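K.L.:
Turn this into a structure:
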Amino acid sequence: MTQGLASLPMYLANKDAVSALWNLLRPRLQAAGLSRLATDLTWPQDYHAHWLEGDLLLSQSCGYPFTDDLAGKVQLVGCFAYDAPQCDGIRCASVLVARQEHAHLKPHAFRGMRAAFNAPNSQSGYNAFRAWAAPMAVAGRFFASAIETGGHGASVQAVRTGLADLASIDCVTYAALGRYTPQAVVGLCIVGTTPAYPGLPLITSNTTSGSDIASLQAALRSVLASDGAVSTLQALGIVGFETPSPTVYQRCVAMRQFAQTLGYPTLA
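P.N.:
Numbers count the residues shown, from 1 in each chain. The predicted model follows:
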């Protein structure tokens, strides 16, 4: 085993708990014979470059890139299940966040308003949002405008401050914002959810052997079953770990194709 780079970069509302999870996982991987493990997690700025690192042992990506520009370039390790209200096992949905003044509105009533999204390669913030809006679009448009914010937190802030009227936010992220930075969601409400999709995939390099992937999966299961991990898992909202077939993420592709078929290729 030569890989050693590790990161869990997607849910960082409680960064200390993310580090604690690696501290629980690392000795189990060492006991399984995996060598040259990073002492500390990496905190990447460029996610795409990080996911394609040749010595990547473990990371967490978004489901949409996993089926798109990462397809065939990384391997699936598994997927955590979270305790956000919109989660069902590893399946989840994005929450549609608006200001309280719009709490009474039905979905079609957001026609002509302003959307905020984190990035166009995001499953939760863009692809699922596009699939939600597509049946209501006319001539390829539903919103008056759609602004790219660079992150879910920034999208929430854009809605809260009136720069946008609606955003599609990963439900685990939104639950964590409410838990750890409740001021970030003051004055906001959930007015709906997108169609469901599989949660964030845990990935590894294409050079990781099948036996090492099995060791990773066994170590993750061991952490989930450990009494000593209870507080860390609760802090992160993790309640399970599954090893689905990579084909479950074709749901992300299907959502893109659904919107395109309806003549709505971009969030607009």
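
K.L.:
which residues of the stretch 101-250 of the chain fall in strands?
P.N.:
For the stretch 101-250 of the chain, the strands defined by DSSP state E, counting those that start in this stretch occupy 114-117, 145-148, 166-170, 188-193, 197-198, 201-205, 238-242.

K.L.:
so which of the ones you listed gets nearest His48?
P.N.:
Judged by CB to CB, the one of the strands of the stretch 101-250 of the chain that comes nearest to His48 is strand 201-205, at 12.1 Å. No exception for glycine: its C-beta is placed from N, CA and C like everyone else's.

K.L.:
follow-up on the earlier one: out of the strands of the stretch 101-250 of the chain, which comes closest to Cys62?
P.N.:
Cys62 lies closest, by CB to CB, to one member of the strands of the stretch 101-250 of the chain: strand 201-205, at 8.1 Å.

K.L.:
Tell me the strands beside that closest one, with direction?
P.N.:
strand 56-60 (antiparallel), strand 74-82 (antiparallel) (DSSP bridges).

K.L.:
re earlier: need the strands of the stretch 101-250 of the chain in CSV (columns: distance to Gln260 and mean neighbour count).
P.N.:
Shown next, in CSV, are the strands of the stretch 101-250 of the chain (distance: least, CB to CB, whole Å; neighbours: other CB atoms under 10 Å):
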stretch, distance to Gln260, mean neighbour count
strand 114-117, 17, 25
strand 145-148, 16, 17
strand 166-170, 18, 29
strand 188-193, 22, 18
strand 197-198, 16, 22
strand 201-205, 23, 23
strand 238-242, 29, 18
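
K.L.:
Okay, now the unreliable bits of this protein?
P.N.:
Residues of the chain that meet the criterion pLDDT under 70 lie in 1-3.

K.L.:
Walking through it, point out its helices one by one.
P.N.:
15-31, 47-51, 63-67, 128-133, 152-160, 171-180, 210-224, 230-236, 250-261 (DSSP state H).

K.L.:
one step back: nearest to Gly240, out of the strands paired with strand 201-205?
P.N.:
Of all those, strand 74-82 comes closest under CB to CB, at 3.4 Å.

K.L.:
So what angle separates the directions of that closest one and strand 238-242?
P.N.:
Here strand 74-82 runs at 140 degrees with respect to strand 238-242, directions being taken by axes from the mean of the first three to the mean of the last three CA atoms, to 10 degrees.

K.L.:
CA atoms only for strand 74-82 - export them in PDB, please.
P.N.:
Extracted in PDB, the C-alpha atoms of strand 74-82 (Å, rounded to 0.1, in the frame of the first residue of the first chain):
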ATOM      1  CA  VAL A  74     -11.600   7.200  -9.000                       C
ATOM      2  CA  GLN A  75     -13.200   4.200  -7.200                       C
ATOM      3  CA  LEU A  76     -16.200   4.100  -4.800                       C
ATOM      4  CA  VAL A  77     -15.500   3.100  -1.200                       C
ATOM      5  CA  GLY A  78     -19.000   3.700   0.200                       C
ATOM      6  CA  CYS A  79     -21.300   6.300   1.500                       C
ATOM      7  CA  PHE A  80     -22.200   7.600   4.900                       C
ATOM      8  CA  ALA A  81     -25.900   7.900   6.000                       C
ATOM      9  CA  TYR A  82     -26.800  11.000   7.900                       C
END
